[in-house]
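**Student:** okay, sequence plus prediction incoming.
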Amino acid sequence: MGFILDGLESEHYDRSYSDRDLFRRIGRYFKPFRAGLALVGIVIAAASLAEFAAQLVIAKSLDVVAGSSGFRTLALLAAAVIGFGVVEWLFNYARHFLSGRIVGRTIWKLRSDVFDRAMKHDLSFYDENTSGKVVSRITTDTEDFAGVINLVTDFLSQVLLLAFFFSYLVRISLKLSLIMLAMAPVAFAVAMAFRKLARFVTMNAKRVTAEVNGGIAEAIAGISVAKGFRRERTLWESFKKDNQLSYRFHLRRGIVLQLIFPAVVIASGFGNGLIVMAGGGLVRSGGLSLGQWFFFMQAVAYFWWPLLNIASFWSQLQDGLAAAERVFSLIDREPKVKQCSPGDPAEPAGAATASWTGAAPACAPQPVRSGGLAVSFRKVRFAYSDKELVLPDFSLDIPAGQKLAVVGATGAGKSSIVKLLCRFYEFQFGSIQLGGADIRAMNLDVLRGEIGLVAQTPFLFPGSILDNIRYARPDATDDQVMTAARHLGRGDWIDDLPEGLKTETGHRGSAISMGQRQLVSLARILLKDPAVFILDEATSSVDPFTEAQIQEGLETVMQGRTAIVIAHRLSTIRNSDRTIVLEKGQIMEDGNHASLLRAGGYYARLYDTYFRHQSLEYILEQSS
Amino acid sequence: MSDATEFRSGEAVHYDTRSTGRWIFSHLKRYLWLPILAIAFSIANNFGYSAVQVLIGRGFDVLTRPDWVTRDLLLVAGSIVLAALVQGLTGVGRNSSFEFLAQRIERDARAELFESLLGKSQTFHSQAKAGDLMARATNDVHFLNLMFSPGLSLIIDSVFSTLVPLAMVAFINPRLLLVPSLFIVGLIITVRVYNRTLNPVTDEQREAFGELNAGLADALEGIETVKSNLGEVREGAAFARRAGRLRDLYIKVARIEGRFWPLLVFAVAWGLGFLHAAWLWHSGVISAGQAVSYMMLYNAFRFTTFISLFAFNLFQMGQSSGKRVLETIITATRLDENRLGRGGRVEGRIEFRDVFFAFNEGDKPVLKNISFTIEPGQTVAVVGRTGSGKTTLAKLVPRVFDASSGQVLVDGVDVRQWNLESLRSQTAMVEQDVFLFGKSIAFNIAFGHSKAGPDLIEAAAREAQAHDFIMGFDQGYQTPVGERGATLSGGQKQRIAIARAFITDPRILILDDSTSAVDSKTEDEIQRAMKRAGQGRTTFLITHRLAQIRRADRILLLEAGRLAASGSHDELMDSSADYRRLFEKV
C-alpha cells in the first residue's frame, strides 16, 4: 500500500552526477541481467494483458449472453476468465521471482563493491564520514538503489495496464474515452496538492517525534541523577508536554494522510456518474453496446489509483537515484594512500620524495629486521585538510631499539606522527623510512605487519578474549595466545577474568573493564611480535592496581623493540630512553625527564600543567 | 502497576495488566465510543460502496429497457454520485475515528510506560539496557498505534467490505451467495498458509540483516585495528558471506511473495462467480442488471484479498510490541518508599553489618560479609580494583540498592526503616560518569533543589570552584551544556555535578570520582572543592587518586567484594602488600 505516500520525505540532493552518467552506471550493474530484465518486461506486459483480457471477456460476454446462448458458451467464457486469471497469477509469480533474483544479486554485488572500497580507504576518509553514515550507505542505500528496479517494474505494469485499457476504449468510443481522459489532469492535480500538504504535516510530525524521543533518551540516561535528587517529577512534566504535542501533530498528520482515499472515492463516483450518463446516450444512439458500456464502468475503477501512483513516481525515483549516487560516490572516491605496485620497475623509486599525486611506485625490497627497526622522518609536511598544517617540516631519527616518549598539548601533532608511520594518512612532502626503506615503497601489509599499534581507546571485536588477542595472527594456537597473555605483567590479570581467556568481550569490550581491554590489546601486539611498537596512551586512567599491571605489561612488550609512546603518564616518560616535546608540529625539546625538567623550558611547563599531580611529591603535599 | 514504585504522577489511569490482550483492551476501553463510531461509519461506508456497484447494475437494467428516458438514467447517475459521497464522507469519519483512537493509545501507552520507568528502582535501571528501553518507549509504542490505524481499521473494514456486499448479494438473490462463501473459506485458508511460509523466512531475513549490520559496524568502527592488524581480507570475506546469505533470503522471500495463493483463489472464484451469475441470468432467475451488480460487487473481494494480509500482520506486530511494553511496565521492583518510616535529620553515622549483596537472587554476590562503622563527619576512601564493588557498596547507603542480607544502618537505624524521601534528600551522590541534562548550567545545578534561586545556585557553584569558569562563558549560568554536557570539559562537568550536590546541603556525600584526565591545575581545583565538600559531612570517596586516598580518615580496601583491609594510610602501608604496590609505581 505504498501508493502515493512513498517518497514524501524526498529532499533535493546536491547531485554531482548527471542523470546520464548515473543511468549509465546503474545500467552497468544490471548489464549481466539484460536477458532477465527483458524477460521481466515481457512477463509484466503479459500479466497486464491477461488482467485486461479477463475484464474484456466479462464485458463481451454481457453482449453474448444477451444474445441468448447455451450453457457451453457460458462455461467457455467462464473458463476464459479463470484461465486469464490463472495466467495473470503465473506471470506475476514469474515477475516476482525473476526481479527478486536480479535485485538480490545486484544488491549483493554492489554491497561487496562498496565494502571493498570502504576497506581500502585510509583514515582521512573516516574522519570525514562517520562510520554510521558509511554503514547506512552499504546497507540501506544499496537496497534503495536496487529498489529502483521494483519501482520501475511497478510503474511499467501500471502504465501498461492503463495503456491496454485506454487503447481499447478509444477504439470503442473516442468520445467517451476523451471524457475519461479529462479525469487525468484532475487526478494529477489532486495527487500533487495532496502530496504537498502531506509532506508539510509529515515533516512537522517528524520533528516532534525527534523531540519526544530525545527527551525519553535523556530521561533514561539521567534517571539515576533524577532519582538521587528525588526529582522524577521534573522529567515527568517535561515528558508530558512533549508527549501531548506529539499526539497533536501526529493526529493532524494521520487525519490529513487518510483524506486521499475518500477524496478519490468521491472523485471516481463523479466519474462513474458522468460515464453512466454519457455512455447511456451513446447506447441509445447505437454507438455503444451494453457490454462496452459496462467495460467503461469497470475502467473507471482501474483508472484512479494508477494515475495517482504515476503522479508520485518521479519523486520516488529521485529518492532511488539519490541513494545510487551516494553509493557510487563512495565507490568512486580514490583512497589517498596507495599500495605500491609489486614488480613494476617503470616508476623511479625517487619519485616518492616528490609531492604525492602520481601513481603508486614500485615496491622496494623488505627491510631486514634485527631487534627493532630504525624509524626516520625526513622533512615531512602533513595536513589533514587544506586548512591546517599539522606538521610543517618534521624530521626525527629514532635508532633501532630506542624507547621514545612523545609529549605535548592536545593538537600538537603527536598522534599524526604515528598515524603517518602506519600510513593511515598520506603526507604531502618529505619521506618516512622504516629500517632504511621508504614506507611508500613498501607493501602495506609488510609495513603494517612490522608495526604494533595500541590505540588510545582499545578496540575489541565481539567474541572471546582469545579471538581478540589472535586478531593479528589468526593462525596462532590457544597455547601461543596463552603464553603471550601470561607474559604481560605477572599474568594474574587473566585469573581476574570470570572465564579466563574464554571470557566474552561483549559489545566493544563492554563486558570487561577498560584496564582489561588495554591489557588485551597489549597481548594482541605481543603475539603479533612487530619490530616497532606504538602506543597512544589512554588519557583516562584505570584503577591504580590495574595501572600497575599495565605498566609491567608495557615493559614486556617494548623489550627489544623500537617504541614510540604518546605519553600521558609520568611513569611512562620516566621509563623511556628519550622524550621529545612537540608543539605545533615542531620538536621543541629533546632529552629525558630529568634533563628536560632541569632545562626549565617547555617540558617544565607541560609538567606543571599535565603531569605534576601524578607525582609522589604532589600526593604528599596534598595530603599533608 | 506494581505497588512498589518510587514515583507516581498522580494522574495515571488504572490499566488491566494481567495479560497483553487485556492490557490493550483496557486502553481501548477508555475511548470505547471511538471504535463503536468507527464501526458505524465503516458499515455506512461499505453500504455506500456496495450501493454504487448495485446502482451500476440498475443503470444497466435501465439501458436494456427499450423505452428508457433520460430522467431514469439521471436518477441512477445522481444516486451513484450521492452514494459515492456517502462512501467518501463516512470514510473520512471512519478513518478519523481510528486515527484519534490510535494516536491516543500511543500517547497513553507511552505515558504509562514512562511513568513506570520513573518509578522503577535503580537496580532495574542499572541492569536494563538503555537502548532496549528506548526502543520500547518509541518503536514498540508506535507499533501499538499502527495496530489500530491502519491495522484494526483495515481489519474491520475488510470484514465489512466482505459482509456488506455479501448482504447485498443475498438481497439480489440468495443463490448467488454460493461462490463468494466458498471464496471466503479459500481466502482464509490460503492467507494462513502463505503467512506460515513467509513468516519464518522474513524472521530469518531480519536476523541476517542485523548480523550484517553489526559486523559492518564492527569492521568500520575498528578500521584502525583492522588495518594495523592486516584484517582487511578476512573482514571482506566475512562480509561477503553475510551479504550472500541475505541475498539468498531476499530471493527466497521474492519467490514466496510471488506465489501469493489468495490471488489465485480470487481469480478462480471470480470466474466461477461469473459463470454462476451468467447462468442464473440465462435461466431467467435474475435480470442482466442484477448480474452486472453482482460482478461489480465482486470487486470488493479483490480489496479484501490484498488488504487482509497486511492488516493482520500489523495487528500481530502490534500485539508483540504490546507484550514487550507491558513486560517492562509490570517488571516489579523491590524497593518500597516506606512513607511512614523514620524522617528527620540525618547525623551521619553509618554502619555496615555483615552485608552481602547480589544483583539478582542466585547470582554470585558482589559484596561479601562487609562490616565497618563510620562516625559522623568522617571521610572514608574506598579503594580497590575495577569491579571490586566500590560503587555498589556506596550505593547501599541511599538505597539505590538494598542489601541481600545483613544491615546497613544510618544513625543506628536500618536504611529500610527510613522514609526513602527523607534518606535520599539528605544523601547526595556525584557519579562516576557525570550526567548533565541538555539544558543550561543553571538548570543542572538547580536540579538538586526544587526551589533554588540564582543566589543559591551561585553559592553552590562558588563552593564547587565552578563559578569562575562559568562566568568565563558568554552566557554565564544560562550557557547550554549541549547534549549530555558535550560542550564542557570533564573537569568542568565534574564541578557542576559537585555544585548540584552542594545545593541540597546533604548530610552524607558520596563522591564517586570520575577519573577522566584532568590537568594538574584542574586537579588542584577539584581537590579544593572536594576538601570543602567533605567538611561537616560524612563522606564516601571512591577514588583512584592517591592524594585523596592519603587524606581520608579511613581507607577501605576492597578485593573481589570482600573488605581486604581497613585503616589509615600509614596502617595500610605497614599491613597490606597490595596497598604498598600502588605507591611503588608512582
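**Tutor:** Thanks, I have it. Numbering: from 1, shown residues only, chains lettered A, B, ... in the order given.
**Student:** which stretches in chain A count as strands?
**Tutor:** Ranges of strands within chain A are A:375-383, A:389-398, A:403-408, A:429-434, A:437-438, A:451-454, A:532-536, A:562-566, A:578-583, A:586-591, based on DSSP state E.
**Student:** what would those look like in TSV with mean neighbour count and distance to chain B?
**Tutor:** For the C-beta atoms, the positions are set from N, CA and C on the backbone; glycine is no exception. Below are those laid out as TSV (neighbours: other C-beta atoms under 10 Å in any protein chain shown; distance: least, C-beta to the nearest C-beta, whole Å):
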stretch	mean neighbour count	distance to chain B
strand A:375-383	19	15
strand A:389-398	18	17
strand A:403-408	24	13
strand A:429-434	20	14
strand A:437-438	19	18
strand A:451-454	25	4
strand A:532-536	25	9
strand A:562-566	25	13
strand A:578-583	21	16
strand A:586-591	16	18
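**Student:** switch those over to TSV; also include mean pLDDT.
**Tutor:** Listed next are those as TSV, based on pLDDT from 0 to 100:
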stretch	mean pLDDT
strand A:375-383	92
strand A:389-398	92
strand A:403-408	91
strand A:429-434	92
strand A:437-438	88
strand A:451-454	90
strand A:532-536	90
strand A:562-566	92
strand A:578-583	91
strand A:586-591	91
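**Student:** just send the ones you listed back as JSON lines, with distance to B:Phe502 too.
**Tutor:** Supplementary listing: the strands of chain A in JSON lines, determined by distance: least, C-beta to C-beta, whole Å:
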{"stretch": "strand A:375-383", "distance to B:Phe502": "46"}
{"stretch": "strand A:389-398", "distance to B:Phe502": "42"}
{"stretch": "strand A:403-408", "distance to B:Phe502": "36"}
{"stretch": "strand A:429-434", "distance to B:Phe502": "52"}
{"stretch": "strand A:437-438", "distance to B:Phe502": "60"}
{"stretch": "strand A:451-454", "distance to B:Phe502": "40"}
{"stretch": "strand A:532-536", "distance to B:Phe502": "37"}
{"stretch": "strand A:562-566", "distance to B:Phe502": "37"}
{"stretch": "strand A:578-583", "distance to B:Phe502": "38"}
{"stretch": "strand A:586-591", "distance to B:Phe502": "41"}
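**Student:** and of those strands, who's closest to B:Tyr294?
**Tutor:** Among these, strand A:451-454 comes nearest to B:Tyr294, with 77.8 Å by C-beta to C-beta.
**Student:** which residues touch the closest one?
**Tutor:** With C-beta atoms under 8 Å, 6 or more residues apart in numbering or on different chains as the test, strand A:451-454 has contacts from A:418, A:421-422, A:434, A:472, A:518, A:521-522, A:525, A:528-536, A:557, A:561, B:224, B:228.
**Student:** with stretch A:93-111 instead?
**Tutor:** A:29-30, A:33, A:36-37, A:39-40, A:43-44, A:47, A:138-139, A:142-143, A:145-147, A:149-150, A:153, A:157, A:327, B:239, B:243-244, B:246-248, B:250-251, B:253-255, B:257-260.
**Student:** what is the mean pLDDT for that stretch?
**Tutor:** Averaged across stretch A:93-111, the pLDDT comes to 91.
**Student:** quick one: contacts for B:Gly222?
**Tutor:** By C-beta under 8 Å, 6+ apart, the contact list for B:Gly222 reads A:459, A:461.
**Student:** repeat that for 6 Å
**Tutor:** A:Phe459 (C-beta atoms under 6 Å, 6 or more residues apart in numbering or on different chains).
**Student:** check contacts around residue 134.
**Tutor:** Since no chain was named, I'll use chain A. A:118, B:220.
**Student:** sorry, I should have been clearer: chain B.
**Tutor:** Taking C-beta under 6 Å, 6+ apart, we find B:Met134 in contact with A:Ala217.
**Student:** so which strand or helix has it?
**Tutor:** Using DSSP states H and E, B:Met134 sits within helix B:130-135.
**Student:** what is the helix or strand following that helix packed up against?
**Tutor:** Note on helix B:130-135: by DSSP H and E, the next helix or strand toward the C-terminus is helix B:141-146. Using 3 or more C-beta pairs under 6 Å, 6 or more residues apart in numbering or on different chains; DSSP states H and E, the elements in contact with helix B:141-146 are helix B:70-119, helix B:288-330.
**Student:** do that again at 10 Å, thanks
**Tutor:** For helix B:141-146, the elements it packs on are helix A:183-221, helix A:232-258, helix B:70-119, helix B:288-330, judged by 3 or more C-beta pairs under 10 Å, 6 or more residues apart in numbering or on different chains; DSSP states H and E.
**Student:** chain center to that helix, what's the gap?
**Tutor:** With C-alpha atoms, centre = their mean, to the nearest Å as the basis, helix B:141-146 stands 11 Å off its chain's centre.
**Student:** surely B:Asn213 and A:Ile138 touch.
**Tutor:** Yes: with contact defined as C-beta atoms under 10 Å, B:Asn213 reaches A:Ile138; the gap is 9.1 Å.
**Student:** more crowded one of the two?
**Tutor:** Between B:Asn213 and A:Ile138, counting by other C-beta atoms under 10 Å in any protein chain shown, A:Ile138 is the more crowded of the two (26 against 16).
**Student:** run a quick neighbour tally on the residue lying closest to that one once chain neighbours are set aside.
**Tutor:** The shortest distance from A:Ile138 to any non-neighbouring residue, by C-beta to C-beta, 6 or more residues apart in numbering or on different chains, is to A:Val114 (5.0 Å). For A:Val114, the count of nearby residues is 22 (other C-beta under 10 Å).
**Student:** indicate which one of the strands of chain A is closest to B:Ala461.
**Tutor:** Per C-beta to C-beta, nearest to B:Ala461 of the strands of chain A: strand A:403-408, 32.3 Å.
**Student:** what angle separates that closest one from strand A:562-566?
**Tutor:** 20 degrees (axes from the mean of the first three to the mean of the last three C-alpha atoms, to 10 degrees).
**Student:** can you dump the C-alpha atoms of strand A:403-408 in PDB for me?
**Tutor:** Written as PDB, here are the backbone C-alpha positions of strand A:403-408 (Å, rounded to 0.1, in the frame of the first residue of the first chain):
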ATOM      1  CA  LYS A 403      62.100   3.900  23.600                       C
ATOM      2  CA  LEU A 404      60.800   7.300  22.700                       C
ATOM      3  CA  ALA A 405      58.200   9.200  24.600                       C
ATOM      4  CA  VAL A 406      56.300  12.000  22.800                       C
ATOM      5  CA  VAL A 407      54.600  14.700  24.900                       C
ATOM      6  CA  GLY A 408      52.800  17.800  24.000                       C
END
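**Student:** between that strand and strand A:389-398, how many degrees?
**Tutor:** 160 degrees.
**Student:** what about strand A:403-408, distance to the chain center?
**Tutor:** 36 Å.
**Student:** and the angle from that strand to strand A:375-383?
**Tutor:** 20 degrees.
**Student:** pairing partners for strand A:403-408, with directions?
**Tutor:** Its sheet considered, strand A:403-408 pairs with strand A:562-566 (parallel), strand A:578-583 (parallel) by DSSP bridges.
**Student:** got phi/psi on B:Phe372?
**Tutor:** Dihedral angles of B:Phe372 (phi, psi; degrees, to the nearest 10) stand at phi -170, psi 170.
**Student:** list the contacts of the residue nearest to it when sequence neighbours are not counted.
**Tutor:** With C-beta to C-beta, 6+ apart as the criterion, B:Phe372 has its nearest non-adjacent residue at 5.4 Å, and that residue is B:Phe352. Residues near B:Phe352 by C-beta atoms under 10 Å, 6 or more residues apart in numbering or on different chains: B:367, B:369-374, B:393, B:396-397, B:403, B:406-409, B:556, B:563.
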